[in-house]
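Peer 1: no sequence on this one, just coordinates:
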């Protein structure tokens with residue numbers, strides 16, 4: 001021990017001297033959305049980054065103690081990122097007077113825990129209403145006009161036609177982004193910002209004010225028609241059907257061209273232009289990736305039951321035309337038809353990001369689906385504040401914790417295999433008849449036959465996972481509650497011979513086995529608690 005201490009005493013000053021002579025490491029490049037060869041990725045620290053996250057409750061960031069507790073819960077889930085709201089009313093309590101304490105608190109709390117941060121700007125709109133706008137905005141109805149309902153009644157919603165409100169939101173958001181840059185340009189804790197929250201008009205399909213009606217009865221802007229015409233082959237089915245009903249008219253009023261969909265299209269054009277102006281002002285100060293989230297369509301109801309003009313499937317194309325400053329349009333998925341919604345929002349011009357989803361066991365398995373099946377860049381349940389209670393996952397959190405525990409070390413590998421066609425999600429009960437079995441091809445000569453070994457119980461969870469084709473004879477099988485047989489597609493009807501199965505995990509790019517399975521355990525079978533298996537078969 002004395003000899004060790006003496007050597008340390010000699011070496012440490014030498015290392016300190018070297019560090020003083022070596023130039024300090026500069027900041028990492030700014031996070032960005034990168035598009036190349038039909039692939040879209042979020043790049044953080046010069047590498048693809050997948051957000052395995054959770055969103056705190058709306059009011060959590062108004063109390064720093066509660067925020068710290070919530071982020072502790074998120075760490076307990078094995079998450080790598082947090083979504084935290086910041087409020088216009090708190091940041092600009094008087095015109096031009098800014099208080100960034102809630103921004104600073106969120107950044108420091110996330111940084112302390114090694115979490116990346118997605119800040120949610122609750123500005124003019126939050127869930128189709130305007131209750132997070134400052135009091136001085138909401139009290140001055142003459143300068144910051146409100147939306148009028150169909151009977152002329154005034155609503156609590158600031159109108160997307162209000163130039164003064166848009167200018168005020170732009171200035172406030174620009175100040176926020178300038179401040180984030182000043183405190184975070186080196187560490188890059190904040191990697192994305194959501195502009196507004198579930199924008200649109202809740203309770204009415206459009207603004208029926210005098211100005212709103214005059215614009216609605218006027219011609220559709222050529223800018224929108226030109227965009228739709230240039231992108232006609234990839235428009236959503238809803239937009240295509242609405243426009244086809246008018247024989248794809250290129251001139252005329254909103255109702256002439258879009259029929260019954262006209263009020264929602266009209267609202268989308270003006271809401272999206274407003275949000276785009278806010279995002280653009282922020283990006284001039286600090287060009288982080290920016291997104292807008294959507295309250296989704298509710299069955300056969302009409303716009304206004306959800307925020308009319310928000311980035312729903314009906315009007316995704318309008319948002320793409322009107323809001324080029326936004327990098328992502330993201331669905332808040334609280335409905336069981338998760339696959340259908342992911343399909344709608346996975347487009348060549350839009351990467352999938354799920355910023356909110358139901359925080360219950362049924363939805364935990366969709367994390368695998370998001371990353372493995374839809375090449376998504378992020379997944380986040382809403383309301384994770386109480387995920388950990390007395391040091392243990394809550395009943396709601398158990399399946400999220402179990403899934404995140406195996407996903408977290410695999411994220412770099414998953415990012416590497418996205419867009420290759422060599423990664424497959426496994427999820428029980430996604431379609432009729434798939435409560436017990438699922439099957440898909442792997443490579444040119446094998447099929448993976450999946451048999452679920454736990455009952456399908458939406459209230460308690462279900463079998464879930466993914467399979468990656470590492471090589472023609474090597475597979476990574478991840479998840480819980482199922483077993484896999486690799487069946488040969490040529491020659492005799494038989495299963496491929498398994499050479500070995502290893503349990504383990506990854507440390508960076510290195511596979512670290514924990515035990516080799518054989519004898520009674522010689523089967524590609526994953527128990528109810530999530531496991532990672534490396535499987536090699538005889539070619």
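Peer 2: Received, thanks. Since the structure is predicted, the reported quantities are computational estimates derived from the model, not experimental observations.
Peer 1: Residue 111 falls within a helix, correct?
Peer 2: Yes: when the secondary structure is assigned by DSSP: H, G, I helix; E, B strand; the rest coil, residue 111 falls within a helix.
Peer 1: Tally up the residues packed near it, please.
Peer 2: Counted with other Cβ atoms under 10 Å, the burial measure for residue 111 works out to 17 neighbours. For glycine as for every other residue, the C-beta is placed from the backbone atoms N, C-alpha and C.
Peer 1: Tell me the predicted confidence for it.
Peer 2: Taken from the predicted model, the pLDDT recorded for residue 111 is 98.
Peer 1: quick one, what contacts it?
Peer 2: Applying Cβ atoms under 8 Å, 6 or more residues apart in numbering, we find residue 111 in contact with 117, 187, 189.
Peer 1: Please enumerate the helices of the stretch 101-250 of the chain.
Peer 2: When secondary structure is read from DSSP state H, counting those that start in this stretch, the stretch 101-250 of the chain shows helices at 101-112, 135-139, 163-184, 210-217, 222-230, 237-244.
Peer 1: Pipe those helices into JSON lines and attach distance to residue 83 per row.
Peer 2: Formatted as JSON lines, the entries for the helices of the stretch 101-250 of the chain read as follows, by distance: least, Cβ to Cβ, whole Å:
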{"stretch": "helix 101-112", "distance to residue 83": "10"}
{"stretch": "helix 135-139", "distance to residue 83": "25"}
{"stretch": "helix 163-184", "distance to residue 83": "15"}
{"stretch": "helix 210-217", "distance to residue 83": "33"}
{"stretch": "helix 222-230", "distance to residue 83": "30"}
{"stretch": "helix 237-244", "distance to residue 83": "28"}
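Peer 1: closest one to residue 409 among these?
Peer 2: Taking Cβ to Cβ, helix 101-112 is the member of those nearest to residue 409, at 20.4 Å.
Peer 1: quick one: buried residues of the closest one?
Peer 2: The neighbour-count check on helix 101-112 (16 or more other Cβ atoms under 10 Å) flags 102, 103, 105, 106, 107, 109, 110, 111 as buried.
Peer 1: low-scoring stretches of this structure, by residue?
Peer 2: Filtered on pLDDT under 70, the chain yields the residue ranges 1-26, 431-434.
Peer 1: ok now the top helix by length along it, how far from the chain's centre?
Peer 2: Across the chain, the longest stretch assigned as helix under DSSP state H is helix 262-285. Distance of helix 262-285 from its chain centroid, counting by Cα atoms, centre = their mean, to the nearest Å, is 20 Å.
Peer 1: helices or strands next to it in the packing?
Peer 2: For helix 262-285, the elements it packs on are strand 116-126, helix 163-184, strand 190-197, helix 210-217, helix 254-258, strand 290-295, helix 316-322, judged by 3 or more Cβ pairs under 8 Å, 6 or more residues apart in numbering; DSSP states H and E.
Peer 1: tell me which residues of the fifth one are tucked away?
Peer 2: The one in question is helix 254-258. The neighbour-count check on helix 254-258 (16+ other Cβ under 10 Å) flags 254, 255, 257, 258 as buried.
Peer 1: now do stretch 335-354
Peer 2: Judged by neighbour count (16+ other Cβ under 10 Å), stretch 335-354 contains these buried residues: 335, 338-339, 341-342, 344-347, 350-354.
Peer 1: Among these, name the ones in strands.
Peer 2: In strands, defined here by DSSP state E, the members of these are 353, 354.
Peer 1: okay if I get the buried residues of stretch 335-354 as TSV plus distance to residue 168?
Peer 2: Written out in TSV, the entries for those read as follows (distance: Cβ to Cβ, whole Å):
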residue	distance to residue 168
335	35
338	37
339	40
341	33
342	36
344	33
345	30
346	35
347	33
350	29
351	31
352	33
353	28
354	31
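Peer 1: from the buried residues of stretch 335-354, which two are the most distant?
Peer 2: Between any two of these (Cβ to Cβ), the greatest distance is 20.6 Å, for 335 and 351.
Peer 1: related to what we said a few turns ago, among the helices of the stretch 101-250 of the chain, which comes closest to residue 387?
Peer 2: Proximity to residue 387 (Cβ to Cβ) singles out helix 101-112 among the helices of the stretch 101-250 of the chain, at 15.5 Å.
Peer 1: Report the inter-axis angle for that closest one versus strand 116-126.
Peer 2: With axes from the mean of the first three to the mean of the last three Cα atoms, to 10 degrees applied, the angle from helix 101-112 to strand 116-126 works out at 150 degrees.
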